[in-house]
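J.: Sequence plus the predicted model coming up.
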Amino acid sequence: MKSLFPQGPVDAQVDMSLISQLEAEMQAADAIFQPSNAWEIDTEADAPEDSGDIEHMMPMWVGRSALKVASAEDLETFEAFYLSVGPEAGFRRILNSPNPGDIRKFELGTLHDLILLDKFTNLSESTLGDRPVYLEIGIGFGRLPEGVMHLSNFNARCILVDVVPASLAWTHAYLSTKYPDLSVGVLGIHVDISQFDSVDVLIVPAWKLETIAEKVDADILVSVAALQEMTDEQVDLYKQAIEDMAKLGSSLFFCVSRDFVYPRPYIFPPHWRREFLRTTPRSYSPDFPSEIFTRTDEDNSANNKVLEDKYTIDVMSRYRNDFRGLSVNLMETRAQSKTRIIAMKERIDKLANANSKINTTLEDRMYLVEKGKAAQADLRDARNTLSKVRKENRALEQVNKRAEFERAKLAEFRQREQSLKDKVATLNIDIHQARKALAEAKVAHSQHLKTQDRLALTETKLSEALEHQANTEESLAAANAKIMEAEAQAEQQLKDIEAELQTAKDAVKVQKISLKKLVANAETKAEKVLELKAREAAIKEKLSASVAKAAETRLLMDQKLKAVYVRAEKRQEALEAQIAELREREVELKALVHYEKQVGD
């Protein structure tokens, strides 16, 4: 088999006894480690006589269509994508072939994976340390690990996991033949667990993955077109294994179809920060993205949802285009079927007329017998044609089933759209309540200003009483403390504007109650003014200082309240901007819904 990389062609020979040994281990393991039915291989019947032809396995790994030589159009499509995400010369540098026409389609997929890995991990720049650990789940015959070794200048240490015995054995044969200077071994057969750290390429049967999970601290974790062929239970098992083996800051690369064997969404942990999510030339179905994560210790739900929403809109567009094409093909097939049925009926009518003429006269019987034979031949042809039409009708039924699936997918997207509309409505209600609370706070502030005027009048009366001075200072200090407390609460609760405004209202109410108490005390003390006139001159200086301090306290209180209202107004402006953005998005979604209704009609 021709190699994609500079080391030259490889003629690998698999050890059939190794496949048998791995199959025996797999049968003895837990049922969850059983591959899908597509991978049930008879080692004796399926193996070629020379046991050295890797090509007979290639359709199972990559599909028959991917074995074709890539066309010039394929190369241009992939190269345009690579240059949009990778280094300018990345495609040709990795391709490294004087004759790109020899490249097969599945090799372009390998290049796709290598370009994205190099883009987001800088594997070729040796920024991951002297010995980065690369872990892959679902390895085929070792094509992508081969490229990783080449990109990393053979510094990477590969841990390759699969559940298919044939894939494990062929990967061992392929890589050990390709790189004889590297140590390549299967865990439990060529390599013991105690030799875990001494092997360049460690091939791990999935049923032994748990034995190494605690020892692995991987820099790069990859799964390409493997999870889509697994049950939900198997997917959960591998996701947990990846979580256990991925170090902080590691890169995680997945290429998984969401509408293939098991149509479903794939939910990844929120502390995996999504760096890349989009369909690529590698996608062979509308909902088949490539996505890259970085493992962090933070909640990245908001960032991940933004990329997921953008991707969902793109997938909806692709489904809509595919559904439109499917509808056109369905109409054309129906028209062709109707035309053939009409032609068939005409032919049957002619045959019926011919049969009726056979019984006309005895003189013409011999002639009619010959003609009847020809008519019978035509009838056989008509039956064959009718059989073909029936087959086409069955194919048409399959197309109808596919269309139903697409309609269900569109219904799911419409439910998401309705959910988004509900969130917008809820946000509008919250904003209305926030505006109402802000208006109430402004009214309370106005009342507070009036109360301050009353306080100024009260202070003139308090200037005649030393005892009242002490009470006033204590009351002002308490009011100042409560205002500072209200400010701290407002700063902590800026994200929830309703709670902030309610806190401000409570603070104002407390101030009003306190001021009312002060006024009552002042009126009580005013009765003693006549008795304290003699001491008026002595305490005037002290009271003037107290008045100045009270004025400073009022000024500080006003400034802090103004700061609270300024922040509230800024928050309101930000919310209004978000509302405007959401309304624009709502208009776009309504346009999409209207367009989908037109397509559906």
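T.: Nice, I can see it.
J.: Going by neighbour count, which residues of stretch 233-241 are buried?
T.: For stretch 233-241, the neighbour count (16 or more other CB atoms under 10 Å) marks 234, 235, 237, 238, 239, 241 as buried. All C-beta spots, glycine's among them, are computed from the backbone N, C-alpha and C.
J.: Output these as a markdown table; include the columns secondary structure.
T.: Listed next are the buried residues of stretch 233-241 as a markdown table, based on DSSP: H, G, I helix; E, B strand; the rest coil:
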| residue | secondary structure |
| --- | --- |
| 234 | helix |
| 235 | helix |
| 237 | helix |
| 238 | helix |
| 239 | helix |
| 241 | helix |
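J.: Residue 152: which of the residues you listed is nearest?
T.: Of all those, residue 152 sits closest to residue 241, with 22.8 Å by CB to CB.
J.: From residue 376, how far off is that closest one?
T.: 68 Å (CB to CB, to the nearest Å).
J.: Could you say which helix or strand holds residue 254?
T.: Residue 254 belongs to strand 246-255 when assigned by DSSP states H and E.
J.: C-alpha coordinates for that strand, PDB please?
T.: Provided in PDB are the C-alpha atoms of strand 246-255 (Å, rounded to 0.1, in the frame of the first residue of the first chain):
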ATOM      1  CA  ALA A 246      -7.100  14.300  29.600                       C
ATOM      2  CA  LYS A 247      -4.700  16.700  31.400                       C
ATOM      3  CA  LEU A 248      -5.600  20.300  32.100                       C
ATOM      4  CA  GLY A 249      -5.000  22.400  28.900                       C
ATOM      5  CA  SER A 250      -5.100  19.300  26.600                       C
ATOM      6  CA  SER A 251      -6.700  19.400  23.200                       C
ATOM      7  CA  LEU A 252      -9.700  17.100  22.300                       C
ATOM      8  CA  PHE A 253     -10.600  16.500  18.600                       C
ATOM      9  CA  PHE A 254     -13.800  14.800  17.600                       C
ATOM     10  CA  CYS A 255     -15.200  14.100  14.100                       C
END
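J.: Give the buried residues for stretch 179-198.
T.: 179, 184, 185, 186, 187, 188, 189, 190, 191, 196.
J.: actually stretch 302-313, not the one I typed
T.: Buried, per 16+ other CB under 10 Å, within stretch 302-313: 304, 307, 308, 311, 312.
J.: My guess is the first one contacts residue 274. True?
T.: Going back to what we said before, that points to residue 304. Yes - contact criterion CB atoms under 8 Å: residue 304 and residue 274 qualify, at 4.4 Å.
J.: Between those two, which contacts overlap?
T.: residue 268 (CB atoms under 8 Å, 6 or more residues apart in numbering).
J.: Tell me where this protein has helices.
T.: Assigned by DSSP state H, the helices in the chain fall at 16-28, 43-46, 58-62, 72-85, 90-95, 105-121, 143-151, 165-178, 232-245, 301-358, 365-462, 466-492, 497-526, 536-600.
J.: least reliable of those helices going by mean pLDDT?
T.: Among these, helix 43-46 has the lowest mean pLDDT, at a mean of 44.
J.: Could you dump the buried residues of stretch 302-313 into TSV and include distance to residue 117?
T.: Formatted as TSV, the buried residues of stretch 302-313 follow (distance: CB to CB, whole Å):
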residue	distance to residue 117
304	20
307	19
308	22
311	20
312	25
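J.: quick check, nearest of those to residue 555?
T.: Taking CB to CB as the measure, residue 555 lies nearest residue 304 of the buried residues of stretch 302-313, at 48.0 Å.
J.: ok, for residue 23, nearest residue in space, not its chain neighbours?
T.: residue 165 (4.7 Å; CB to CB, 6 or more residues apart in numbering).
J.: Residue 276: what's it in contact with?
T.: 85, 116, 120, 290, 291, 292, 307.
J.: Write the PyMOL selection for whichever of those residues are buried.
T.: Typed into PyMOL, the line below selects the buried ones among the contacts of residue 276, using 16+ other CB under 10 Å:
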select buried, resi 85+116+120+290+291+292+307
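J.: List the contacts of the residue nearest to residue 23.
T.: 19, 22, 23, 26, 41, 205.
J.: Most neighbours among those residues, which one?
T.: residue 22 (26 neighbours; other CB atoms under 10 Å).
J.: wait, doesn't that residue sit right on residue 171?
T.: No - here residue 22 lies out of contact with residue 171, judged by CB under 8 Å, at a distance of 11.2 Å.
J.: quick one: the strands in the stretch 151-300 of the chain?
T.: 157-162, 184-186, 201-205, 218-224, 246-255, 272-279, 289-295 (DSSP state E, counting those that start in this stretch).
J.: Is residue 187 bridged to anything, and to what?
T.: residue 191 (DSSP bridges).
J.: how near is it to residue 22?
T.: Distance from residue 187 to residue 22, by CB to CB: 11 Å.
J.: and what of residue 557?
T.: Residue 557 is 79 Å from residue 22, by CB to CB.
J.: nearest to residue 573, of the strands of the stretch 151-300 of the chain?
T.: Across those, closest to residue 573 is strand 272-279 (CB to CB), at 29.7 Å.
J.: Quick check: mean pLDDT of the closest one?
T.: On average, the pLDDT along strand 272-279 is 93.
J.: Let me know the angle separating that strand from helix 72-85.
T.: 150 degrees (axes from the mean of the first three to the mean of the last three CA atoms, to 10 degrees).
J.: Within its sheet, name the partner strands of strand 272-279 and how each one runs.
T.: strand 289-295 (antiparallel).
J.: what mean pLDDT would you report for the strand it pairs with?
T.: pLDDT averaged over strand 289-295 gives 94.
J.: I'd like to check what contacts it. Which residues are they?
T.: 112, 116, 120, 246-256, 258, 268, 271-280, 282-283, 311.
J.: Please list all residues in contact with the closest residue to residue 186 other than its chain neighbours.
T.: The spatial neighbour of residue 186 that comes closest, neighbours along the chain excluded (CB to CB, 6+ apart), is residue 203 at 4.6 Å. Contact analysis of residue 203 by CB under 8 Å, 6+ apart lists 139, 160, 162, 168, 171, 172, 184, 185, 186, 187.
J.: And for residue 114?
T.: 94, 144, 147, 148, 151.
J.: circling back: which single one of the buried residues of stretch 233-241 is nearest to residue 506?
T.: Among the buried residues of stretch 233-241, and counting by CB to CB, the member closest to residue 506 is residue 239, at 47.4 Å.
J.: And the contacts of residue 114, which is closest to residue 433?
T.: So of these, ranked by how close each gets to residue 433 (CB to CB), first place is residue 144, at 54.5 Å.
J.: what's the burial count for that closest one?
T.: Number of residues near residue 144 (other CB under 10 Å) recorded here: 23.
J.: how far away is it from residue 435?
T.: Residue 144 is 56 Å from residue 435, by CB to CB.
J.: With residue 549 instead?
T.: Distance, residue 549 to residue 435, using CB to CB: 37 Å.
J.: Relative to residue 541, how far out is residue 156?
T.: Taken as CB to CB, the span from residue 156 to residue 541 is 84 Å.
J.: Find me the pLDDT at the residue nearest to residue 231 when sequence neighbours are not counted, would you?
T.: Leaving aside its sequence neighbours, residue 231 sits nearest to residue 262 (CB to CB, 6+ apart; 7.1 Å). We note a pLDDT of 80 for residue 262 in this prediction.
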